[in-house]
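Trainee: test case, fold it:
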Amino acid sequence: MITKRPADARGIGRASWLESRHSFSFADYQDPAHMNFRALRVINEDVIAPGGGFATHGHRDMEILTYVLEGALAHRDSLGNGSTIQPGEVQVMHAGTGIEHSEFNASHAEPVHLLQIWILPDKPGHVPGYQQRAFGGAQTKGKLRLVASRDGRADSLLIHQDASVFAGKLTAGAALDHALAPGRSAWVQVAKGAVTLNGVALAAGDGAAVTDETELSLRADAASEILLFDLA
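Mentor: Here you go, the predicted model:
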């Protein structure tokens, strides 16, 4: 079964420097029908104005992934990490027993467009940590590249949950399949473009919850960028 989450049905968050869309309940947007999907707790699509950003704040017991679509995001945290995240790179932050961080647009001229993703950990109390890796170029072109997983296989980033996160970039007309093991579900998020998933049309910003399926068939109806979450 494919349950579509249309882009224009998402929650909205705004500030003078921020335009945000929430696939699941977050901050002032609370909808009991859209709290999470399995361990996937947050998908926020954020556009941050030049010079804007999130001042230092704290998190606990959450696996936080940042996926930049356009522009560059400057990161600082209480573990001493400082970096700039650009398109083709993925950041994972293990909030664990507690971490503080800030995220700002690295440019004073151009906006930064990103997806921030929260995944519930398998248990509380993990040691806080930080990872960042590039998955650009041929790694995601025409395929689903594993970018985060429980065991770090295939040179993916480690997350503390039985979830596998894939990123892919497809040219118009390209198609690919993804098999789901028995008992597993998936979420597909269209970051750019338009795809058809098992016969269901999805445009940029749309998401889809997948249950009771064994095979996902994706066809790009335009040049597209997608994330796929394979979830226990």
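
Trainee: what residue is smack in the middle of the chain?
Mentor: Nearest to the mean C-alpha position of the chain, by Cα atoms, centre = their mean, lies Ile117 at 4.3 Å.

Trainee: quick one: contacts for that residue?
Mentor: Applying Cβ atoms under 8 Å, 6 or more residues apart in numbering, we find Ile117 in contact with 40, 42-44, 64-67, 165, 227. To be clear about C-beta, it is placed using only N, CA and C from the backbone, and glycine gets the same treatment.

Trainee: cool, and Leu228?
Mentor: By Cβ under 8 Å, 6+ apart, the neighbours of Leu228 are 144, 165-168, 178, 186-189, 216.

Trainee: would you pull up how far whichever strand or helix holds Lys4 lies from the middle of the chain?
Mentor: When elements are assigned from DSSP states H and E, Lys4 belongs to strand 2-5. Taking the mean C-alpha point of strand 2-5 and that of its whole chain, the gap between them comes to 17 Å (Cα atoms, centre = their mean, to the nearest Å).

Trainee: ok, stretch 83-97 next?
Mentor: Per Cα atoms, centre = their mean, the displacement of stretch 83-97 from the mean C-alpha position of its chain is 11 Å.

Trainee: buried residues, it. List them.
Mentor: Of the residues in stretch 83-97, those buried under the neighbour-count criterion (16 or more other Cβ atoms under 10 Å) are 85, 87-96.

Trainee: closest one to Trp17 out of the contacts of Leu228, please.
Mentor: Comparing the contacts of Leu228 against Trp17 with Cβ to Cβ places Gln189 closest, at 23.6 Å.

Trainee: show me the two of the buried residues of stretch 83-97 that sit farthest apart.
Mentor: In the buried residues of stretch 83-97, two members sit farther apart than any others by Cβ to Cβ. They are Pro87 and Gly96, at 27.4 Å.

Trainee: assess the claim that His22 and Ile12 are in contact.
Mentor: Yes - shown here, His22 and Ile12 form a contact pair, counting by Cβ atoms under 8 Å, at 7.4 Å.

Trainee: any common contacting residues for the two?
Mentor: Tyr29.
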